[in-house]
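S.K.: this one's sequence-less:
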């Protein structure tokens with residue numbers, strides 16, 4: 001029993017130390033985010049009247065059965081505040097069985113867009129979103145490629161801000177990404193929680209990592225990438241589940257930075273049903289696990305320190321911290337159950353017995369982790385106009401015990417599915433996120 005107790009204490013100590021490290025990481029990133037916001041407030045931005053010197057851009061919109069949202073998105077793209085003669089628009093109707101292509105032909109026929117460089121690719125190839133983008137890349141005429149998902153309607157100046165950032169250091173920036181907002185954030189509790197996550201990731205994690213380490217990750221939509229760089233890479237990886245994370249590492253390994261343009265915003269539709277959300281996030285988690293495993297080799301080669309830091313950041317989030325939290329949850333809940341039973345049967349003893357104040361340290365670590373969780377959400381909300389309110393504060397407090405715990409379930413399922421794929425040689429099936437009117 002003494003040996004078992006020591007093992008339990010060692011496991012608990014591992015969890016406590018891991019949680020403290022996770023808290024320290026969060027504090028460092030938040031400090032970077034605060035510094036970023038402070039600098040942004042002291043920086044003036046302007047909309048140039050003359051954009052003759054701005055680069056040409058090919059905007060690609062991959063769309064698989066997206067007739068519910070595609071017209072609105074492409075209208076926003078065609079109406080962007082950017083010289084029309086410098087924009088090529090390619091909408092890829094990818095193996096569609098609905099009216100996606102038809103709606104695009106109808107839009108193309110409108111008098112306002114008849115003279116635009118606007119092409120509809122009615123595609124029947126393979127490779128999913130990556131395959132669609134690779135086919136469009138062959139036709140791209142712009143110096144930069146800009147990607148918008150079919151549900152991501154850009155704000156009028158989004159493309160201008162993306163290219164403006166790219167022009168600051170054209171030799172260093174291989175890609176530039178903006179921010180994405182949930183346009184259906186008020187639909188229900190789930191969409192409100194997703195909104196809090198989205199705001200926190202983009203206004204704390206993205207800004208903090210960029211401010212401190214000049215480290216960025218392509219978010220999948222609302223970004224530009226240099227066309228020749230993409231061709232040099234060989235296009236998007238058609239076997240990658242999360243092509244955005246995979247291409248981010250490809251760009252970094254070529255010595256290019258992925259810059260953040262915080263003023264470039266797009267409004268995307270988020271899942272409103274738990275079943276849709278779980279499938280989407282499981283696919284994302286599974287893809288990120290695969291990217292971590294594929295790039296782990298860079299920890300031991302001569303690549304940039306940014307790549308190593310990026311891998312460690314992802315590995316810590318998806319492996320180390322997750323395992324520590326799961327272990328601590330199991331220990332905590334097991335003790336609660338046994339202590340409850342002991343009230344009625346004093347002879348029952350928990351299998352996890354801890355000496356001294358070790359268990360108290362775990363409770364303190366949990367309390368601090370919860371405080372940091374709520375703090376970083378509300379820090380992000382304060383930086384986003386109209387988001388800092390009583391309702392969102394209450395949701396941020398409640399979401400830790402509800403929404404945030406879904407991440408553990410999703411991560412476990414995703415990792416198990418990836419292992420089964422590896423053992424059985426099974427190819428991952430791509431899941432399309434359901435859209436709503």
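M.R.: All right, it came through fine. In this text the structure is predicted, and so the values were computed from the model without any measurement.
S.K.: In terms of secondary structure, what does the helix or strand of the chain with the lowest mean pLDDT contact?
M.R.: None of the helices or strands of the chain scores lower by mean pLDDT, DSSP states H and E than helix 321-344, at a mean of 80. Here helix 321-344 touches helix 2-41, helix 358-382, helix 406-424, going by 3 or more Cβ pairs under 8 Å, 6 or more residues apart in numbering; DSSP states H and E. Just so you know, the C-beta spots here come from the backbone N, C-alpha and C atoms, and that holds for glycine as well.
S.K.: how would you label the residue of the chain most remote from its centre: helix, strand or coil?
M.R.: In the chain, the residue that sits farthest from the middle, by Cα atoms, centre = their mean, is residue 347; the gap is 49.6 Å. With DSSP: H, G, I helix; E, B strand; the rest coil as the basis, residue 347 sits in coil.
S.K.: shouldn't residue 90 be in contact with residue 60?
M.R.: Yes - the pair residue 90 / residue 60 is scored as a contact, 5.1 Å apart, by Cβ atoms under 8 Å.
S.K.: joint contacts of the two?
M.R.: 136, 140 (Cβ atoms under 8 Å, 6 or more residues apart in numbering).
S.K.: Can I get the helices and strands packed on helix 321-344 in CSV including mean pLDDT, mean neighbour count and distance to residue 123?
M.R.: Output for these, formatted as CSV (pLDDT from 0 to 100; neighbours: other Cβ atoms under 10 Å; distance: least, Cβ to Cβ, whole Å):
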stretch, mean pLDDT, mean neighbour count, distance to residue 123
helix 2-41, 83, 16, 40
helix 358-382, 88, 17, 38
helix 406-424, 90, 15, 26
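S.K.: Distance to residue 56 added to those helices, as JSON lines?
M.R.: Shown next, in JSON lines, are the helices and strands packed on helix 321-344 (distance: least, Cβ to Cβ, whole Å):
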{"stretch": "helix 2-41", "distance to residue 56": "28"}
{"stretch": "helix 358-382", "distance to residue 56": "35"}
{"stretch": "helix 406-424", "distance to residue 56": "39"}
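S.K.: nearest to residue 273, of these?
M.R.: Residue 273 lies closest to helix 406-424 among these, at 13.2 Å (Cβ to Cβ).
S.K.: tell me what that closest one is packed against?
M.R.: helix 274-295, helix 321-344.
S.K.: Give me whichever of those helices is most buried.
M.R.: helix 274-295 (a mean of 19; mean count of other Cβ atoms under 10 Å).
S.K.: Beyond it, next helix or strand please.
M.R.: Downstream of helix 274-295, the next assigned helix or strand under DSSP states H and E is helix 305-315.
S.K.: Return the distance of that following helix from the chain's centre.
M.R.: 16 Å (Cα atoms, centre = their mean, to the nearest Å).
S.K.: For it, buried residues please.
M.R.: 306-307, 310-311, 313-315 (16 or more other Cβ atoms under 10 Å).
S.K.: And for stretch 177-190?
M.R.: 177-185, 187, 190.
S.K.: okay, these in JSON lines with secondary structure, pLDDT and distance to residue 289 next?
M.R.: JSON lines is the format used below for the buried residues of stretch 177-190 (DSSP: H, G, I helix; E, B strand; the rest coil; pLDDT from 0 to 100; distance: Cβ to Cβ, whole Å):
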{"residue": "177", "secondary structure": "strand", "pLDDT": "98", "distance to residue 289": "22"}
{"residue": "178", "secondary structure": "strand", "pLDDT": "97", "distance to residue 289": "26"}
{"residue": "179", "secondary structure": "strand", "pLDDT": "96", "distance to residue 289": "25"}
{"residue": "180", "secondary structure": "strand", "pLDDT": "94", "distance to residue 289": "22"}
{"residue": "181", "secondary structure": "strand", "pLDDT": "93", "distance to residue 289": "27"}
{"residue": "182", "secondary structure": "strand", "pLDDT": "92", "distance to residue 289": "25"}
{"residue": "183", "secondary structure": "coil", "pLDDT": "90", "distance to residue 289": "29"}
{"residue": "184", "secondary structure": "coil", "pLDDT": "91", "distance to residue 289": "28"}
{"residue": "185", "secondary structure": "coil", "pLDDT": "92", "distance to residue 289": "28"}
{"residue": "187", "secondary structure": "coil", "pLDDT": "92", "distance to residue 289": "30"}
{"residue": "190", "secondary structure": "helix", "pLDDT": "96", "distance to residue 289": "24"}
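S.K.: what's the neighbour count on the nearest residue to residue 64 once chain neighbours are set aside?
M.R.: Leaving aside its chain neighbours, residue 64 sits nearest to residue 94 (4.5 Å; criterion: Cβ to Cβ, 6 or more residues apart in numbering). Neighbour count of residue 94, defined by other Cβ atoms under 10 Å: 28.
S.K.: Surely residue 213 and residue 309 touch.
M.R.: Yes - here residue 213 lies in contact with residue 309, judged by Cβ under 8 Å, at a distance of 6.2 Å.
S.K.: show me the contacts for the residue nearest to residue 64.
M.R.: By Cβ under 8 Å, 6+ apart, the contact list for residue 94 reads 62-64, 123, 125, 128-129, 131-132.
S.K.: Apply 10 Å and report the result again.
M.R.: Contacts for residue 94 (Cβ atoms under 10 Å, 6 or more residues apart in numbering) come out as 62-66, 100-101, 121-129, 131-133, 135-136, 150, 432.
S.K.: check contacts around residue 100.
M.R.: 63-71, 91-94, 120, 122, 150.
S.K.: and what of residue 230?
M.R.: 133-134, 137, 140, 144-145, 174-175, 236, 247, 250-251.
S.K.: Relative to residue 415, which of the residues you listed is nearest.
M.R.: Closest to residue 415 out of the contacts of residue 230 is residue 247 (22.3 Å), distances taken as Cβ to Cβ.
S.K.: who are the neighbours in contact with the closest one?
M.R.: Residue 247 makes contacts with 130, 133, 147, 175, 217-218, 220, 223, 225, 229-230, 233, 235-237, 240, 258, 291, as judged by Cβ under 10 Å, 6+ apart.
S.K.: Identify the single longest strand in this structure, thanks.
M.R.: Among the elements of the chain assigned as strand by DSSP state E, the one spanning the most residues is strand 257-268.
S.K.: Sheet-wise, list the partners of that strand with their directions.
M.R.: Paired neighbours of strand 257-268 in the sheet (DSSP bridges): strand 153-154 (antiparallel), strand 173-182 (parallel).
S.K.: now for those strands, which one comes closest to residue 39?
M.R.: Across those, closest to residue 39 is strand 173-182 (Cβ to Cβ), at 16.5 Å.
S.K.: what residues are up against residue 145?
M.R.: When contacts are counted by Cβ under 10 Å, 6+ apart, residue 145 is found next to 57-60, 88, 90, 133, 136-137, 175, 223-231.
S.K.: And residue 297, how close does it get to residue 253?
M.R.: In this view, residue 297 and residue 253 are 11 Å apart by Cβ to Cβ, to the nearest Å.
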